[in-house]
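> Sequence first, then the predicted structure:
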Amino acid sequence: MPNEDIVKGYQLEKDQFIEVTKEELEELALESTRTIEIDEFVDRTEIDPRYLIRPYYLVPDGKVGHDAFAVIRETIREMDKVAIGRLVLTNREHIIALEPLDKGLMGTLRQVAIAPDQVRDPFEKNVPGIGVGRDGCRTPMQWSAAPHGGFSELTPWLPLADDFAHENVVNLEADERSILSLYKALINLRKKWPELVTGDYVPMAAEEDLLLYRRQGSEGSVVIALNLGAEPVSLASDARRNCFQP
């Protein structure tokens, strides 16, 4: 069949599909935030190497993120741990393990273990056993603790991760301290304060594990204080004015 005759679609029920155009898929695509969201720090021994693929070398993009990047890198180095975070690659969010390497970070993607009889990726089928397959990064979205993670009523094409019963969207929405709740809160703040979107980045002096800076807009400014340490820190009274505290 010619490529121009192949279309994408979604199955509503048996023998009934709706066509999805390229333009509609582009509108739904997850936009890269050019940022890394760190969820937790763990010991290197806690990570099973079978779940890690494809190392990436990460460096800050421009001067704006340089200071924050350096603080995160040196914090991971001093803690002698691995940071587990999330970032967007090829329009999909991935879990990534981060370790300091020279002046950058080495990021290694986490994947779901795929049994040999469940492999779908032609790369892995043609050259098995050397980790070139992409199936482990393309497993179904974990929506809930329901069978198949709420992704489908039928057995999906690829297996889910073993943690889908507790690592899913329903549980994240119910947890006020989850990364999903934080994302929603930050998006609401960006809508409320235009300085967080278009304001200039102005670094401010801070001590210990505190990262302090101001986003200066044409009609006002917002001071942002980020505690990158494990212990509470105090903030000078003159810096608390208009300060965003998550």
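Now that the structure is in, tell me what you want to look at. From a predicted model like this one, the values you see are computed outputs, not experimental measurements.
> Who are the packing partners of the helix or strand hosting Phe69?
Assigned by DSSP states H and E, Phe69 falls within helix 66-79. Under the contact definition 3 or more Cβ pairs under 8 Å, 6 or more residues apart in numbering; DSSP states H and E, helix 66-79 sits against strand 37-42, strand 82-89, strand 92-101, strand 104-110, strand 210-216. In this view, the C-beta of every residue, glycine as well, is placed from N, C-alpha and C.
> For the third one, C-alpha coordinates in PDB please.
What it means is strand 92-101. Written as PDB, here are the backbone C-alpha positions of strand 92-101 (Å, rounded to 0.1, in the frame of the first residue of the first chain):
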ATOM      1  CA  ARG A  92       7.000  12.600  25.000                       C
ATOM      2  CA  GLU A  93       7.800  12.900  28.600                       C
ATOM      3  CA  HIS A  94      10.500  10.500  29.800                       C
ATOM      4  CA  ILE A  95      11.800   9.500  33.200                       C
ATOM      5  CA  ILE A  96      15.600  10.200  33.400                       C
ATOM      6  CA  ALA A  97      18.400   9.400  35.800                       C
ATOM      7  CA  LEU A  98      20.800  12.300  36.300                       C
ATOM      8  CA  GLU A  99      24.400  12.200  37.500                       C
ATOM      9  CA  PRO A 100      27.100  15.000  37.400                       C
ATOM     10  CA  LEU A 101      29.700  14.600  34.700                       C
END
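> can you pull the buried residues of that strand?
Within strand 92-101, the residues scored as buried using 16 or more other Cβ atoms under 10 Å are His94, Ile95, Ile96, Ala97, Leu98, Glu99, Pro100.
> Also the fourth one?
Residues of strand 104-110 classed as buried under the neighbour-count rule (16+ other Cβ under 10 Å) are Leu105, Met106, Gly107, Thr108, Leu109, Arg110.
> Could you check the helices and strands packed on helix 66-79 and tell me which one is nearest Thr21?
strand 92-101 (19.6 Å; Cβ to Cβ).
> And that closest one, what does it pack against?
Helices and strands touching strand 92-101, as assessed by 3+ Cβ pairs under 8 Å, 6+ apart, comprise strand 52-58, helix 66-79, strand 82-89, strand 104-110.
> Save these as a markdown table, and put in distance to Gln118 and mean pLDDT too.
A markdown table is the format used below for the helices and strands packed on strand 92-101 (distance: least, Cβ to Cβ, whole Å; pLDDT from 0 to 100):
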| stretch | distance to Gln118 | mean pLDDT |
| --- | --- | --- |
| strand 52-58 | 16 | 74 |
| helix 66-79 | 34 | 80 |
| strand 82-89 | 23 | 80 |
| strand 104-110 | 18 | 81 |
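> Distance to Gln216 for the ones you listed - can I get that in CSV?
Listed next are the helices and strands packed on strand 92-101 as CSV, based on distance: least, Cβ to Cβ, whole Å:
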stretch, distance to Gln216
strand 52-58, 28
helix 66-79, 16
strand 82-89, 27
strand 104-110, 29
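> what's the closest of those to Glu231?
Using Cβ to Cβ, the helices and strands packed on strand 92-101 put helix 66-79 closest to Glu231, at 12.8 Å.
> of all the buried residues of strand 92-101, which comes closest to Arg134?
Once Cβ to Cβ is applied, the member of the buried residues of strand 92-101 that ends up nearest Arg134 is His94, at 11.2 Å.
> Identify the spatial nearest neighbour of the residue nearest the centre of the chain, chain neighbours not counted.
The residue lying closest to the centre of the chain (Cα atoms, centre = their mean) is Arg86, at 2.3 Å. Closest residue to Arg86 apart from its sequence neighbours, by Cβ to Cβ, 6 or more residues apart in numbering: Glu37 at 4.7 Å.
> Fine, thanks again, bye for now.
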